[in-house]
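In: prediction below, plus the sequence it came from.
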Amino acid sequence: MQDDDKRLAAEAAVAEVRDGMLVGLGTGSTVRFAIEALGRRAAAGLGIMAVATSIDSAAKAAAVGIAVRNFADVARVDLTIDGADEIDHRLAAIKGAGGAMLREKIVAAASTRMVVIADASKRVAAIGAAKLPVEVLPFARSFVTARLTALGAAVTDRDGTTDNGNIVLDARFASLPDARALAATLDATPGVLGHGLFLTEVDAAYIADDGVVTRLERGGASG
């Protein structure tokens, strides 16, 4: 049932894609359904190109016949479709379970519109229960760990590295009363290259619950 809802949310978001668009593809299990749906539309004649936020998503897109551009050559994206670990009614989100949050944030910043797709388990009253991924220059691992601990987080090292060759520290906070202040602190911490707080980037969300898809729009409109 959860996979059915992921697929429905993904297909609703993919319906926004128009001929000639450059589409940003996020990373994760829900985005896989969006890539498959886009592949079917591309096979039926939709003329699109894509940029991907991870090596994995780029490979999945190419496998279903979507032309993938190197984002290093791209300054602007029409529409990005991505998942979330948590998202609230204000469209504040925590992302990064797949470790691609730095690239995801860059592509989101380049996008005219960013939509999140999710099943109902990801919708929360307020973000903060999920662990917050922080991408860190390996050289700064101990320094950033100490900074996060001083901010009240329980910190664990994630195995492996990101597509950028960096490490991920997962920070779990007992509460997150001021996400904006935390984001500003992380942005100003030397050695922190990115984090999973997406507070202003998301323009809309398609959330599926037991077969029913709800669209939330920044500014209050929904459908």
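Out: Received it, and whenever you're ready, just let me know what you need. Since the structure is predicted, the reported quantities are computational estimates derived from the model, not experimental observations. Residues are numbered from 1 along each chain as shown.
In: what segments of this structure are helices?
Out: 2-14, 29-43, 55-63, 101-109, 141-150, 179-187 (DSSP state H).
In: so which elements touch the longest strand along the chain?
Out: Taking DSSP state E as the criterion, the chain has its longest strand at strand 111-119. The contact analysis (3 or more Cβ pairs under 8 Å, 6 or more residues apart in numbering; DSSP states H and E) places strand 111-119 against helix 2-14, helix 29-43, strand 77-82, strand 204-209. No exception for glycine: its C-beta is placed from N, CA and C like everyone else's.
In: so which of these gets nearest residue 119?
Out: Closest to residue 119 of those is helix 2-14 (Cβ to Cβ; 3.9 Å).
In: now do that closest one and helix 29-43, the angle between them.
Out: 50 degrees (axes from the mean of the first three to the mean of the last three Cα atoms, to 10 degrees).
In: so what does helix 2-14 touch, helix or strand wise?
Out: helix 29-43, strand 77-82, strand 111-119, strand 204-209, strand 212-217.
In: make TSV out of the ones you listed and add mean pLDDT and mean neighbour count.
Out: Listed next are the helices and strands packed on helix 2-14 as TSV, based on pLDDT from 0 to 100; neighbours: other Cβ atoms under 10 Å:
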stretch	mean pLDDT	mean neighbour count
helix 29-43	97	21
strand 77-82	98	25
strand 111-119	98	24
strand 204-209	98	22
strand 212-217	97	16
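In: can you add distance to residue 7 and give those back as TSV?
Out: Putting those into TSV (distance: least, Cβ to Cβ, whole Å) gives the following:
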stretch	distance to residue 7
helix 29-43	4
strand 77-82	13
strand 111-119	9
strand 204-209	8
strand 212-217	10
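In: for residue 166, find the nearest of those.
Out: strand 77-82 (19.5 Å).
In: would you mind splitting this structure into its domains for me?
Out: Using automatic domain parsing, the domains assigned to the chain come out as 2-124+199-214, 132-194.
In: tell me which of the ones you listed sits most buried.
Out: domain 2-124+199-214 (a mean of 20; mean count of other Cβ atoms under 10 Å).
In: distance between the ends of stretch 118-125?
Out: Its first and final residues considered, stretch 118-125 spans 15 Å by Cα to Cα, to the nearest Å.
In: just stretch 88-105 next, same as before
Out: 18 Å.
In: of all the helices and strands packed on helix 2-14, which one is nearest residue 181?
Out: Closest to residue 181 of the helices and strands packed on helix 2-14, according to Cβ to Cβ: strand 111-119, at 22.8 Å.
In: apart from its chain neighbours, what residue comes closest to residue 21?
Out: Spatially, and ignoring its direct neighbours in sequence, residue 21 is nearest to residue 78 (4.3 Å; Cβ to Cβ, 6 or more residues apart in numbering).
In: doesn't residue 23 make contact with the one you found?
Out: Yes. Here residue 78 reaches residue 23: they are 6.7 Å apart, a contact under Cβ atoms under 8 Å.
In: distance check, residue 105 against residue 68.
Out: 19 Å (Cβ to Cβ, to the nearest Å).
In: check residue 209 too.
Out: 32 Å.
In: quick one: contacts for residue 125?
Out: 88, 89 (Cβ atoms under 8 Å, 6 or more residues apart in numbering).
In: again, 7 Å this time
Out: residue 88 (Cβ atoms under 7 Å, 6 or more residues apart in numbering).
In: give me the below-cutoff pLDDT ranges for this structure.
Out: 221-223 (pLDDT under 70).
In: from residue 218, how far out is the residue lying closest to residue 6 once chain neighbours are set aside?
Out: Take residue 6 and drop its neighbours on the chain: the residue closest to it by Cβ to Cβ, 6+ apart is residue 30, 4.5 Å away. Remark: distance between residue 30 and residue 218 (Cβ to Cβ) = 20 Å.
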